[in-house]
Each structure stands twice: as C-alpha cells, then as structure tokens.
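Chemist: Pasting the sequence and the predicted coordinates here, then a few questions.
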Amino acid sequence: MKKIILAATAASTLAIAANAAEINICVEGAYPPFSSTEASGDVVGFDIDIANALATEMGMDATMVKTDWDGIIPALLEGKCDAIIASMSITDERKQVIDFSAKYYNSPAGFIGAEGMMVDALDGKVVGVQRGTIHQDFLEGEFPNVELRLYGSQDEVYLDLQAGRIDAAMGDSIAMDDGFLSTDAGAGYAFFGEMYSVPKYHGEGAGVGVRQEDTELRDAFSAAILAVRASGEYAMINDKYFEIDIYGGE
Amino acid sequence: MQNLIEYAPLLVRGAFTTIMLALASLALATVLGGLGAAGKIRGGLLVRSLVLGYTTIVRGVPDLVLILLIYFGGQRLINIAGKAIGVDYLELSKFWAGVAAIGFIYGAYLTETFRGAYMTVPSGQREAAMSIGMRPLQVLRAVTLPQLTRFALPGYANVWQVLIKSTAVVSVIGLEDLVGLANDAGKSVREPFLFFSAVFFTYLFFTWVSQTIFNAAERRYALKELGDAV
C-alpha cells in the first residue's frame, strides 16, 4: 500500500514538473496568413509565431496540436490541448463553454481609396461598404456626412472602387489587404487615414481560448500578450505578415 | 498545379493514412460482423437481443456523430477513469479512435451481410454433412464457409466501398487523412478546388482498384460449371 502511495506521489510530482514546462496549443492550419499548412505538413503563420512567443514569455515549451476547426473546442475541453490559438474571436456564446485571455489581435477596420486620398476630404464623398456588417454600423455612427453605398459582398465593393463609382471603401483591414490591395487589381490603391478598432462596433478581437477552470493560465496569457507587445516582439511578428499593426486599439 | 506538385508528398502521406485506416477498420468490422452474425444465428435470447440492439442503434446513427462520440466521449471516460486511479492524462489516439468508430459502424452492416449469406446456404446441406459424421467445425469449414463466401462477397465489396469513403469523416477529429490534409493545403495556398479534384481522382482510383480485386475474388468463388450470372 505504501509503495503504491509513494509511486502515485512520485508520478504526480513528475506530472506537475512536466506541466510547468510544457503546454499543448491547438492550432488550425487552414486560415492563411494566420495559420496555414506547408508542403512538409508543418503549420506556420501569425497564430503559430504568436503562440511560440507567448509560451516563451511564460517560460513554457509549446507543442502545436493541429486540430480541425470543428473539433477545436471539444479538443480543449477534453484535454487534447491546454489552449487554443486559432484566430478565435472572443464572443459571449463561446464564453459559455470556454474562457479567453485578453485579445492578441483585433484586425482593425480601415478606409481604402486611390493613392493620395485623405480622410479630411471624405465629406460628401461616396463610400462603399458591405451591407449588414459592423463597418456599416461604424460609418453610420461615426461618419454621418459621407454618402454610403451598400453592397452584397466585399468583391463588389472592390469592383465599383476600380470602376470609379465610389471614392473610398471601408472594411476589415486584413481582408482588404489580402483580398484586394496586395492583388494585381489593387495597384494604385492604398489604405488612408487611421485604423479603427472601437469595441462598440468592432468587437473584442481574437483571444487565447482556455478551459474555464484554468484562470491562472488565462491571466498568464493576458500578461504575456502585453509583455510581447511591450518588448517589440509582437511588432516583429506582425511585420512579417502584415503591413499594418493588427493589434488594433489599446 | 505547381502547388499540387509541391504538396504531393503530403497528400501521399494522407492517402496512406486513409488506406491504413480503411483496412484496419475493415478488419475490425469483419470480426464484429462475424461475431454479430454468429450471435444472431446461434445465440440465445440475451445474445440475440444484444446484437439486435447493436445493429439497430449503429445503423441508425450518422458516422460523424459516432466518431465524435468515441473520440471526445471516449477521452472524457478515460480522463474520469484516470483521475479516479490517479493517472494524470492518457491520450486516446486519433487513428485508433477512428478505427474503433468506423469498424464499429461497419461491423453492424457486415453482421447483416454475413447473416444474409448464411441464410442462403440450404440447411439441408449442413444436415447432410452432419449425417455422414462431420463435426460442426468441419461442416463450417468445408460446407458452409465456401458457399457463404460466395454469397457474401458482393455485399462485402459494397460495404468496403462505402467504408473507404466514410473514412473522410475522421478529418473532423484532426486525423491527417487525405481529405483533411487536402482541405488544409487547399485553403493554405487558396486553391481548394484543385486539391479537392486531386482527392476526387484518388478516391476514384482506390475504388477502381478495390472493384478490380473484388471482381477477381468473385470469379474465384463463382460456380463456373453452372455458368451463373456473374
């Protein structure tokens, strides 16, 4: 009996020692440039670099567990991994089953237009925006003097911008950069003005998902995010993938 | 196209996982199907009720539900059991969870396939064999099984064709099979259509090869002298 107790104690001590140094992080692998699968099968991207940076900051050794998006929350809950870093937006619905750290990015919204366009010149101009989005709400709330033209999809916005029917467009900065500005069609167009990230309109952003009982881990992630922001490591990773700072408002 | 060539080794790895998963699942399904059929034919009331429950429930539940239930639910059971005996964490393998789920499902279908094939062997033949002093196992091996195989083969081939395609659902638990990897790769290089076309032709190739093998097997077990309608 004594032997068994001793063995059990030894085992649990070992387990705690191992837990202190290792963390399994669920990542997705099908959401470029945040997370994509390479020809070698490795997962790379902004999420993965951030995951490694945060783990290092916390003094842990991270192992990436590639998990399908549909099974990613169950994988966390059943202990297949200890955290989710997969561009998962912080929502009230998800908060009912898991918990989130502070955001690690909140792709801000921005204006695009022909190079040389200015925010000051927007009054009375026509701005295209996808209908029913947070961006429409934002423009109606914050830019009452522009004339809005609503579209069914973001692609139609780009087409009309190129056709000259609208003077500017507003949308998710990463989506517009990826889907338009960095394509051939986007030549001669650029972001102008500042990037907007207002929680009232734009939500809380993407956070690190953890199990609800792991409050210490959650707080450690939140602290690590601020630490890599301050150390400049965040900016280094950010610049590897994006031209703008995707952290959004402080 | 360049991307497809670059990712080809990854897809081949995925295809290998798919094949291994399908074969292991088929082996498990065959064992379960054999036991199930024997239980339905020879079992007492309790055994027959158990097999009936198995085939009824499993054939009535979607693959996807069962696979999630076994992988995540199984992990939860292991976690609870582990906590009770003081083991920290035991990982349930994705591959074997997939084999267990698919084998379990198709075992139910094969139970019916085997039972149906058994019923087509006239009981008079078994009685005749017994009457000349053959033991039950000898009867099974020399009289029943060869004929049963012939009747079971078309149904068995059919179940295999469905089984190999249903392995695609395991990608939901993150097992890196052909479909899962093609999905990730296709989205990563933003050419999903190209990668799914490759999957399409790979599966078609698998089923074509299987069909060829089963056709040969059916010819092998056919009653040639009667010139039946194969």
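Modeler: Sure, I can see it.

Chemist: mind checking how far the most far-flung residue of chain B relative to its centre is from chain A?
Modeler: Of all residues in chain B, B:Ile132 has its C-alpha farthest from the mean position, at 37.7 Å, by Cα atoms, centre = their mean. In this view, B:Ile132 and chain A are 58 Å apart by Cβ to the nearest Cβ, to the nearest Å. Quick note: C-beta positions are derived from backbone N, CA and C, even for glycine.

Chemist: does A:Val129 sit in a helix or strand, and which one?
Modeler: Under the criterion of DSSP states H and E, A:Val129 resides in strand A:126-130.

Chemist: Direction included, what does that strand pair against?
Modeler: strand A:147-151 (parallel), strand A:168-172 (parallel) (DSSP bridges).

Chemist: Quick one: name the residues of chain A near chain B.
Modeler: Contact residues (Cβ under 8 Å from any Cβ of the partner chain) of chain A with chain B: A:8, A:11-12, A:15, A:29-32, A:36-41, A:65-68, A:70-71, A:74-75, A:77-80.

Chemist: Are any of those buried, and if so which?
Modeler: A:29-32, A:36-39, A:41, A:65-68, A:71, A:74-75, A:77-80 (16 or more other Cβ atoms under 10 Å in any protein chain shown).

Chemist: residues contacting the residue lying closest to B:Gly74 once chain neighbours are set aside?
Modeler: In space, B:Gly74 comes closest to B:Leu92 once its chain neighbours are excluded; the distance is 5.3 Å by Cβ to Cβ, 6 or more residues apart in numbering or on different chains. For B:Leu92, the contacting residues are B:71, B:74-75, B:78, by Cβ atoms under 8 Å, 6 or more residues apart in numbering or on different chains.

Chemist: pull the CA atoms of stretch A:125-142 into PDB?
Modeler: The C-alpha atoms that make up stretch A:125-142 are tabulated as PDB, following Å, rounded to 0.1, in the frame of the first residue of the first chain:
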ATOM      1  CA  LYS A 125     -18.000  61.600 -50.900                       C
ATOM      2  CA  VAL A 126     -19.300  58.200 -51.700                       C
ATOM      3  CA  VAL A 127     -18.000  55.300 -49.600                       C
ATOM      4  CA  GLY A 128     -18.800  51.700 -50.400                       C
ATOM      5  CA  VAL A 129     -19.300  49.100 -47.600                       C
ATOM      6  CA  GLN A 130     -20.700  45.600 -47.300                       C
ATOM      7  CA  ARG A 131     -24.300  45.600 -46.200                       C
ATOM      8  CA  GLY A 132     -25.200  44.400 -42.700                       C
ATOM      9  CA  THR A 133     -21.600  44.500 -41.400                       C
ATOM     10  CA  ILE A 134     -20.000  46.100 -38.400                       C
ATOM     11  CA  HIS A 135     -18.400  48.500 -40.800                       C
ATOM     12  CA  GLN A 136     -21.700  49.900 -42.000                       C
ATOM     13  CA  ASP A 137     -22.700  50.500 -38.300                       C
ATOM     14  CA  PHE A 138     -19.400  52.200 -37.700                       C
ATOM     15  CA  LEU A 139     -19.700  54.500 -40.700                       C
ATOM     16  CA  GLU A 140     -23.300  55.400 -39.900                       C
ATOM     17  CA  GLY A 141     -22.300  56.100 -36.300                       C
ATOM     18  CA  GLU A 142     -19.000  58.000 -36.800                       C
END
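
Chemist: Tell me the buried residues in that stretch?
Modeler: A:127-130, A:133-136, A:138-139.

Chemist: Could you dump the strands paired with strand A:126-130 into JSON lines with mean neighbour count and mean pLDDT added?
Modeler: Formatted as JSON lines, these follow (neighbours: other Cβ atoms under 10 Å in any protein chain shown; pLDDT from 0 to 100):
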{"stretch": "strand A:147-151", "mean neighbour count": "16", "mean pLDDT": "95"}
{"stretch": "strand A:168-172", "mean neighbour count": "24", "mean pLDDT": "94"}
